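In: sharing a model that was predicted from the sequence below.
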Amino acid sequence: MSATLPTGLLVSALLKRVNDAGGMGMVRARGEPSSGAILLILNDNNGNTQLVERALGPTGQPALIPTGPADASDPLARESYWQRRRARDPDLWVIELDIASPERFAAETILAS
């Protein structure tokens, strides 16, 4: 039997790690603290943006699954997407990270639990 850490704790740890490494992490929308889903807006230092969501992968283990509009670099499409998702799921956390290798920080923090 494995215990899962509360979502709020995972988000706090992720934001602390990113900020301590010289990046910037921010909560765009606060979700349910114990078990809300997490949608990540990942901005790397090269100007690339992607949206991923923590979900079960094909092996049944937690994974970062690509999601969102076809062109995640389009700010209007990106904002519209996460706001529609949030309207359907008020428990959803929306977190934005600006740092080199944001997917690595996310995977090491929120998938390791």
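Out: Thanks, I have it.
In: so which strand or helix has the spatially most central residue of the chain?
Out: Nearest residue to the geometric centre of the chain (Cα atoms, centre = their mean): L40, 2.3 Å. Using DSSP states H and E, L40 falls within strand 38-43.
In: direction included, what does that strand pair against?
Out: Using DSSP bridges, the strands paired with strand 38-43 in its sheet are strand 49-56 (antiparallel), strand 93-98 (parallel).
In: of all these, which one comes closest to M26?
Out: strand 93-98 (5.3 Å; Cβ to Cβ). In this view, the C-beta of every residue, glycine as well, is placed from N, C-alpha and C.
In: render the CA-only coordinates of the closest one in PDB, please.
Out: Taking Å, rounded to 0.1, in the frame of the first residue of the first chain, the C-alpha atoms of strand 93-98 are listed here in PDB:
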ATOM      1  CA  TRP A  93      -4.400  23.300  -9.900                       C
ATOM      2  CA  VAL A  94      -2.800  25.400 -12.700                       C
ATOM      3  CA  ILE A  95       0.900  26.000 -12.100                       C
ATOM      4  CA  GLU A  96       3.300  27.900 -14.400                       C
ATOM      5  CA  LEU A  97       7.000  27.400 -14.300                       C
ATOM      6  CA  ASP A  98       9.700  29.500 -15.900                       C
END
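In: which residues are contacting it?
Out: With contact meaning Cβ atoms under 8 Å, 6 or more residues apart in numbering, strand 93-98 is reached by 7, 11, 14-15, 18, 23-31, 36-43, 82, 85-86, 105-106.
In: just these: which are in helices?
Out: Judged by DSSP state H, the contacts of strand 93-98 include T7, V11, L14, L15, V18, W82, R85, R86, F105, A106 as members of helices.
In: closest to P69 out of these?
Out: W82 (9.7 Å).
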